[in-house]
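S.K.: Pasting the sequence and the predicted model now:
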Amino acid sequence: DSRGASSLLKDSIPITEFSASGPFEGHDLLRRGFTSVKNELLPSHPLELSEKNFQLNQDKTNFAMLRNIQGLHAPLKLQMELRAVKQAQRLPFLHSSNMALDTLRGNDECIGFEDILNDPSQSEVMGEPHMMMEYKLGLL
């Protein structure tokens, strides 16, 4: 059973996770986030991978259709705009709504699950601003 063998390997503690200060150092929430067993599990349903990559698959389909209709320049221009919008973000400790990205993708008029139940003011994730900026700039 290949699934059983891989789960045994995932349950073992890798030596590379230990830092230079010793194996008893606490988990660094700022750099690694919360530990979650859910992220390490294999997909439980055949459609789970498809649903995780829904936006990527939809973008590929839209770019292919745009290329067939308008030519090569249209999807290239849209991809450059998307890349530019993704690069311009707020500071790492402030929530960003990514309104420009939603507008380019056409999701600005859609109301989804994350619009109602993903209120950033009720978020539990708020780090120390100075440490988060130093980590983003590579000073830590």
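M.R.: Noted; the coordinates are in hand.
S.K.: Do a quick rundown of the helices in the chain.
M.R.: All helices of the chain, identified by DSSP state H, fall at 2-11, 29-32, 48-52, 54-70, 73-87, 99-105, 113-117, 129-137.
S.K.: Looking at those helices, which is nearest to Leu42?
M.R.: helix 2-11 (6.5 Å; C-beta to C-beta). Heads up, the C-betas are built off the backbone N, CA and C, glycines and all.
S.K.: Can I get the helices of the chain in a markdown table including distance to Phe93?
M.R.: Below are these laid out as a markdown table (distance: least, C-beta to C-beta, whole Å):
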| stretch | distance to Phe93 |
| --- | --- |
| helix 2-11 | 32 |
| helix 29-32 | 11 |
| helix 48-52 | 27 |
| helix 54-70 | 25 |
| helix 73-87 | 18 |
| helix 99-105 | 19 |
| helix 113-117 | 20 |
| helix 129-137 | 5 |
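S.K.: Nearest to the spatial middle of the chain, which residue is it?
M.R.: Lys52 (10.7 Å; C-alpha atoms, centre = their mean).
S.K.: weakest of the helices of the chain in terms of mean pLDDT?
M.R.: Note on the helices of the chain: helix 2-11 shows the lowest mean pLDDT, a mean of 48.
S.K.: Deepest-packed of the helices of the chain, please.
M.R.: Counting by mean count of other C-beta atoms under 10 Å, helix 99-105 has the highest mean neighbour count of these, with a mean of 15.
S.K.: for that helix, packing partners?
M.R.: When contacts are defined as 3 or more C-beta pairs under 8 Å, 6 or more residues apart in numbering; DSSP states H and E, helix 99-105 packs onto helix 73-87.
S.K.: Run through who's touching the helix it packs on.
M.R.: Phe63, Ala64, Leu66, Arg67, Asn98, Ala100, Leu101, Leu104, Arg105 (C-beta atoms under 8 Å, 6 or more residues apart in numbering).
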